[in-house]
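Visitor: I would like to see how this sequence folds:
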Amino acid sequence: MLSRFLGVTMRQTGRAVVRLVVLAVGLLPCGGADVGVVGAEALPAWNQWRGPGGQGHATAAQDLPRTWSETDNVVWKTPIEGKGWSSPVLADGRLWLTTAVESPITEGEKQERLAKVENSDGLQVSGPVSLRAVCLEAETGKVLHDVELLRQSEPDPIHSLNSYASPSPILEVTLEGTRLYCHFGANGTACVDAATGNILWTHVLQKIRHENGAGGTPVLFENRLIFDCDGSDQQYIVALDTGSGAVAWKTERSGERNPEPQLKKAYGTPLLAEIDGRTVLLSTGADWLYAYDPADGRELWKQAYGVLGFSVVPRPIVGHGMAYISTSFMQPELLAVKLPSGSALPEIVWRVKKSVPNIPSPLLVGDEILMVSDKGVATCVDAHSGDVHFSERLGGNFCSSPLFADGWIYVGNREGETFVLAPGEEFRVEATNHLDGEIMATPIAVGGAIFLRTDKALYRIEQR
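Guide: Take a look at the predicted model:
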């Protein structure tokens, strides 16, 4: 298998040089101010949630439209059966996404199932659910494969904002072909031959109590598929062997947590970074940021948030020698954690306490961090000092994370609006675009096209 990891220099701060780690298995044009790929071979056009670096930068996008509607600049629109908030991935001219097709349930069955849950506020429940992977031709939007990967006869309740298919899939392109990895939390994980749609393996871990359903997406390192498992009953991080689906390593969370079970859970997506030439896995659990060796799961260090931090959803971002993380629910803060070099320890450099998102991930562009809160407040923060440049209301409710593409920032809300913002210290909305349906998934952008998923359909948006 051809695969190697390339470092993408973000910035040198003090002695620690921090790089994003990108799985290089194809050729990707390089662009953008912060994230680049040097000498990549066979890199998928969009292989994971938030792009090849996992940071929300579309380095392979150019000449993107800034305005669209249901009738303007839409190349195709394909309805997607079921419900899923996962973002699509793209390689070999094919898009893949996951969805969950739920069976109806009577009101009596619903109440009986919810009565078994200690706190059912805000939860919903389904009858048997089919967990599926759907493949579309990127050029035409034609559905090529629709594969049932797993089925749950009595799925656990999930939060009304969640779906049974919220974690995004991952594509791996090798000399032997392209593999798709689909994760559904405690409901299982599957590996698919992307050329044929054939299932290569499935794995269902010991049941954990997500409480609100799964949310975190895995990350791929060499022959390890790694994901967080932070339930109310048990908290650990685990790696599956990509060849067989067997557990390769499992590491329990070591940080002291609140004794209340509901405050132990998290829904994070890990991030691979390179610190002083060493590949490190950054993972946000309840109350702690952890760093692991992705090869064997050995804990390298951890940093306490210093505030109550649970149900963490946003993915970390890195740059300027630091990791930027959201502590998520109840008392959300954005923290800048200085990443340690040598025998040094991590330390919190600054905090922002106002209008910090619970769900959307932040975005680093140059020296500024842009974050959009769940309630629609866009805030720009200086990445070095934590000083706030602006905090302005966009409007609407947000779960999708911002995307930096072709010099602009794209971010969509649950009301179907996508705002196009100018990067930098000044607040400027270039355009506001509306589509039918809710935007929960984060869009992707490759070449001149934006692929945007609503709760009803997948769109290809392009200048026409």
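Visitor: where in the stretch 1-150 of the chain is pLDDT low?
Guide: 1-44 (pLDDT under 70).
Visitor: one more time with 90, if that's ok
Guide: Flagging of the stretch 1-150 of the chain using pLDDT under 90 yields the residue ranges 1-45, 60, 109-122.
Visitor: Over to the stretch 251-400 of the chain?
Guide: Under the criterion pLDDT under 90, the flagged ranges of the stretch 251-400 of the chain are 275-277, 308, 328-331, 341-344.
Visitor: Identify the residues contacting the closest residue to Arg453 other than its chain neighbours.
Guide: Excluding the flanking residues, the one nearest Arg453 by C-beta to C-beta, 6 or more residues apart in numbering is Ala441, at 4.0 Å. C-beta: built from backbone N, CA, C; applies to glycine. Applying C-beta atoms under 8 Å, 6 or more residues apart in numbering to Ala441 gives the contacts 84-88, 97, 168, 400, 452-454.
Visitor: now for these, which pair is the farthest apart?
Guide: Farthest pair in these (C-beta to C-beta) is Ser168 and Thr454. Separation: 15.4 Å.
Visitor: So between the two, which is more surrounded?
Guide: Set Ser168 next to Thr454 and count neighbours by other C-beta atoms under 10 Å: Ser168 wins out with 26 against 20.
Visitor: could you list every residue that touches that one?
Guide: Here Ser168 is in contact with 48-49, 86-89, 97-98, 217, 441-442 (C-beta under 8 Å, 6+ apart).
Visitor: What separation is there between it and Trp85?
Guide: Distance, Ser168 to Trp85, using C-beta to C-beta, to the nearest Å: 9 Å.
Visitor: Look up how far Leu175 lies from Thr279.
Guide: According to C-beta to C-beta, Thr279 and Leu175 sit 22 Å apart.
Visitor: Same drill for these two, tell me which one is more crowded.
Guide: Thr279 (17 against 9).
Visitor: That one touches Phe221, doesn't it?
Guide: Yes - in terms of C-beta atoms under 8 Å, Thr279 counts as a neighbour of Phe221; the distance is 7.2 Å.
Visitor: circling back: how about JSON lines for the contacts of Ala441, with distance to Thr59 added?
Guide: As requested, those are exported to JSON lines (distance: C-beta to C-beta, whole Å):
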{"residue": "Gly84", "distance to Thr59": "26"}
{"residue": "Trp85", "distance to Thr59": "24"}
{"residue": "Ser86", "distance to Thr59": "21"}
{"residue": "Ser87", "distance to Thr59": "16"}
{"residue": "Pro88", "distance to Thr59": "17"}
{"residue": "Leu97", "distance to Thr59": "21"}
{"residue": "Ser168", "distance to Thr59": "18"}
{"residue": "Ser400", "distance to Thr59": "20"}
{"residue": "Leu452", "distance to Thr59": "18"}
{"residue": "Arg453", "distance to Thr59": "21"}
{"residue": "Thr454", "distance to Thr59": "25"}
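Visitor: mind checking which helix or strand the residue in the chain sticking out farthest from the centre is in?
Guide: Here the chain reaches farthest from its C-alpha mean at Gly108, the gap being 35.4 Å by C-alpha atoms, centre = their mean. Assigned by DSSP states H and E, Gly108 belongs to helix 107-114.
Visitor: Assign a three-state SS to the residue nearest to Arg453, would you?
Guide: coil (DSSP: H, G, I helix; E, B strand; the rest coil).
Visitor: Relative to Cys399, how far out is it?
Guide: Ala441 is 9 Å from Cys399, by C-beta to C-beta.
Visitor: Can you check which residues contact both of these two?
Guide: Trp85.
Visitor: Hmm, Leu161 is touching Asn397, no?
Guide: No - Leu161 lies out of contact with Asn397 (C-beta under 8 Å); the separation is 9.2 Å.
Visitor: So between the two, which is more surrounded?
Guide: Shown here are Leu161 and Asn397; by other C-beta under 10 Å, Leu161 has more neighbours (18 against 14).
Visitor: on contacts alone, who are the packing partners of the helix holding Gly108?
Guide: Where contact means 3 or more C-beta pairs under 8 Å, 6 or more residues apart in numbering; DSSP states H and E, helix 107-114 is not packed against any helix or strand.
Visitor: which residues does Ser166 contact?
Guide: By C-beta under 8 Å, 6+ apart, the contact list for Ser166 reads 84-86, 213-215.
Visitor: Which ones among these map onto helices?
Guide: Here DSSP state H is the test, and the contacts of Ser166 give no hits in helices at all.
Visitor: Now render those residues as TSV, adding neighbour count and distance to Leu308.
Guide: Shown next, in TSV, are these (neighbours: other C-beta atoms under 10 Å; distance: C-beta to C-beta, whole Å):
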residue	neighbour count	distance to Leu308
Gly84	26	30
Trp85	26	26
Ser86	26	29
Gly213	26	22
Ala214	26	22
Gly215	26	19
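Visitor: before we move on, the earlier item: could you tell me which of the contacts of Ala441 are located in strands?
Guide: 97, 452-453 (DSSP state E).
Visitor: Make JSON lines from these and add distance to Pro128 and neighbour count to it.
Guide: As requested, those are exported to JSON lines (distance: C-beta to C-beta, whole Å; neighbours: other C-beta atoms under 10 Å):
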{"residue": "Leu97", "distance to Pro128": "21", "neighbour count": "25"}
{"residue": "Leu452", "distance to Pro128": "30", "neighbour count": "28"}
{"residue": "Arg453", "distance to Pro128": "24", "neighbour count": "27"}
